[in-house]
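Chemist: With the input below, show me the fold.
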Amino acid sequence: MYEVYLERAAADDLRRLPRRLFDRVTAHIGRLASDPRPAGCRKMEGSKRDWRIRIGEYRVIYEIDDDLDRVNVMRVRHRREAYK
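Modeler: Residues are numbered from 1 along each chain as shown. Predicted coordinates:
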C-alpha cells in the first residue's frame, strides 16, 4: 500500500474543479494508494519517476517513489494546460 500526498498546487487545482468532476478525480487519486500504475497510466517523457493518468479531459500528474511506497500528486489540470 502506497501513501498518497497532494502538493499544494494539486490541492489548489482540485478546489477549482466542479463538484461532479472533483468527486471523480479524487476517487481516481485515492485508488493510486493500492495501484500507483493503473491501466491506462503513462510515463512522462524526460522524467524518471513522473506519471500521468487520464480522467476525461483532465490529467493527474504524479510521481511514484517505490523506495518509500509514496505517490506524490503534483498537478490536476485540463489536458490543454497539463504539459506546459
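
Chemist: Now do the helix or strand of the chain with the lowest mean pLDDT: which elements does it pack against?
Modeler: One helix or strand of the chain scores below all others by mean pLDDT, DSSP states H and E: helix 79-82, with a mean of 82. If you count contacts as 3 or more C-beta pairs under 8 Å, 6 or more residues apart in numbering; DSSP states H and E, helix 79-82 packs onto strand 58-65. Every residue, glycine included, has its C-beta placed from N, CA and C.

Chemist: which neighbours does the strand it packs on have in its sheet, and in what orientation?
Modeler: strand 50-55 (antiparallel), strand 70-78 (antiparallel) (DSSP bridges).

Chemist: list the buried ones in the longest one?
Modeler: In other words, strand 70-78. For strand 70-78, burial by neighbour count (16 or more other C-beta atoms under 10 Å) applies to 71-77.

Chemist: Just put these in JSON lines and tack on pLDDT.
Modeler: Formatted as JSON lines, the buried residues of strand 70-78 follow (pLDDT from 0 to 100):
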{"residue": "Val71", "pLDDT": "97"}
{"residue": "Asn72", "pLDDT": "97"}
{"residue": "Val73", "pLDDT": "97"}
{"residue": "Met74", "pLDDT": "95"}
{"residue": "Arg75", "pLDDT": "94"}
{"residue": "Val76", "pLDDT": "96"}
{"residue": "Arg77", "pLDDT": "93"}
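
Chemist: Turn those into CSV, including distance to Glu45.
Modeler: Converted to CSV, the buried residues of strand 70-78 look like this (distance: C-beta to C-beta, whole Å):
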residue, distance to Glu45
Val71, 19
Asn72, 19
Val73, 19
Met74, 16
Arg75, 16
Val76, 20
Arg77, 17
